[in-house]
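> Mind folding the following:
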Amino acid sequence: MKTISLAWILGVLPLIAQAAAPMAEIQAGSYRPLYLQKDTPMTFVDAFRMDKKPVTNREFYQFIMKNPQWSKTKIAIEFSEKQYLQHWIKQGSGYAPKAADLDKPVVNVSWFPANQYCQAQGKRLPSTDQWEYVARASENAIDGSKSKQYTQVILDWYAKSAQKPLGKVGQNKPNYWGVYDLHGLIWEWTEDFNNAQLQSDNPDEGMFCGAGASASTDPNNYAAFIRYGLRSSLQAKFSMPTLGFRCVSNKPK
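Numbering: from 1, shown residues only. I've put the predicted structure just below:
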């Protein structure tokens, strides 16, 4: 029987160019950050572009093929934990995603390689303001956070077991901006938290993530509380089976 190479199965042969991930056009606007009072001034977010879907295992494997220093066997200990890409399987001298996981979001990935992936695409990780601004949108409104249905979707996700297998990206309906999976699939890394910038050559500082709940002015809002709690507990080298990322780019003037 003829053996088919993993590279062929994954569609990541080095000579095949990777198609650019589709991006949504996000118009400028304002939002009120987490836990601030109702009379607190709104935060302005300039126009930008955001990946419509989280980065998949297939896309991240293509990145690893071109940048092996970020592979599971070569990444510096300062930039990751042993859980890094723990869901990938041994393949030759390295690791690769299972065929069934190719179009699922890449998880178990720390902040540093996520940041480098986005830079390799000519993009960057979203700021917390950008992520929260887009995540407030429901299917039909720029700000759906006041809708009971919108909040219930988030709470239903929290009620599910974290042990359940992840689904493929883009299976749920997009929000107002045409962005998928900001709620109900994974948590996502952001570039900064509370305007604290982290440089990849300084791995000792903390870094935090966006998550499956939108900003809320009500400190009793359970979904917002859970996200705040997760952000405050993370460091940039952490990897989690429900934590992935997507990229953004500045909109040309």
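> from what I can see Tyr117 touches Cys247, true?
Yes - assessed by C-beta atoms under 8 Å, Tyr117 is found in contact with Cys247 at 7.4 Å. All C-beta spots, glycine's among them, are computed from the backbone N, C-alpha and C.
> Can you mark which positions in the helix or strand Gln62 falls within are buried?
In the assignment (DSSP states H and E), Gln62 maps to helix 57-66. When neighbours are counted by 16 or more other C-beta atoms under 10 Å, the buried residues of helix 57-66 are found to be 57-65.
> Kindly report the same for stretch 176-196.
Buried residues in stretch 176-196, counted by 16+ other C-beta under 10 Å: 176-177, 179-193.
> And stretch 22-30, by the same measure?
23-24, 26, 29.
> Which members of those occur in helices, if any?
Among the buried residues of stretch 22-30, none falls in helices (DSSP state H).
> May I see the residues you listed organised as JSON lines, with pLDDT and distance to Gln235 added?
Shown next, in JSON lines, are the buried residues of stretch 22-30 (pLDDT from 0 to 100; distance: C-beta to C-beta, whole Å):
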{"residue": "Met23", "pLDDT": "97", "distance to Gln235": "29"}
{"residue": "Ala24", "pLDDT": "97", "distance to Gln235": "30"}
{"residue": "Ile26", "pLDDT": "97", "distance to Gln235": "28"}
{"residue": "Gly29", "pLDDT": "96", "distance to Gln235": "31"}
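> in this protein, which spans are helices?
Using DSSP H, helices in the chain cover 6-10, 57-66, 111-120, 128-135, 148-159, 222-233.
> partner residues bridging Trp187?
Legend: beta-bridge partners of Trp187 under DSSP bridges are Leu243.
> Could you list the low-confidence segments of this structure?
Along the chain, segments meeting pLDDT under 70 span 1-19, 33-39, 158, 160-163, 193-233, 252-253.
> Now flag whichever of the buried residues of stretch 22-30 is closest to Ser147.
Gly29 (17.5 Å; C-beta to C-beta).
> That closest one contacts Ile142, correct?
Yes - counting by C-beta under 8 Å, Ile142 is a contact partner of Gly29 at 6.5 Å.
> Pro97 reaches Trp88, doesn't it?
Yes - applying C-beta under 8 Å, one finds Pro97 in contact with Trp88, separated by 5.2 Å.
> Mind listing the shared neighbours of those two?
Asn57 (C-beta atoms under 8 Å, 6 or more residues apart in numbering).
> And for Thr40, the neighbour number?
As a burial measure, Thr40 scores 11 neighbours (other C-beta atoms under 10 Å).
> Could you measure from it over to Gly29?
16 Å (C-beta to C-beta, to the nearest Å).
> what do you get for Ala137?
Using C-beta to C-beta, Ala137 is found at 10 Å from Gly29.
> Would you state the strands of this protein in chain order?
Taking DSSP state E as the criterion, the chain contains strands spanning 23-26, 29-31, 43-45, 48-51, 89-91, 94-96, 187-189, 209-210, 243-244, 248-250.
> Show me what the fifth one is packed up against.
Spelled out, that is strand 89-91. Using 3 or more C-beta pairs under 8 Å, 6 or more residues apart in numbering; DSSP states H and E, no helix or strand is in contact with strand 89-91.
> Each with direction, which strands does it pair with?
Partners of strand 89-91 in its sheet, by DSSP bridges: strand 94-96 (antiparallel).
> what do you get for the second one?
Using DSSP bridges, the neighbouring strands of strand 29-31 in the sheet come out as strand 43-45 (antiparallel).
> what's the distance between Gln69 and Phe79?
10 Å.
> right, I mislabeled it, should have said Phe112
In terms of C-beta to C-beta, Phe112 sits 4 Å off from Phe79.
> How about Arg136?
Relative to Phe79, and taking C-beta to C-beta, Arg136 is found at 31 Å.
> more crowded one of these two?
The neighbour comparison of Arg136 against Phe79 (other C-beta under 10 Å) goes to Arg136, with 23 against 19.
> Cross-check the contact I'm expecting between that one and Ser145.
Yes - look at Arg136 against Ser145 with C-beta under 8 Å: they come within range, at 5.2 Å.
> All set, thanks.
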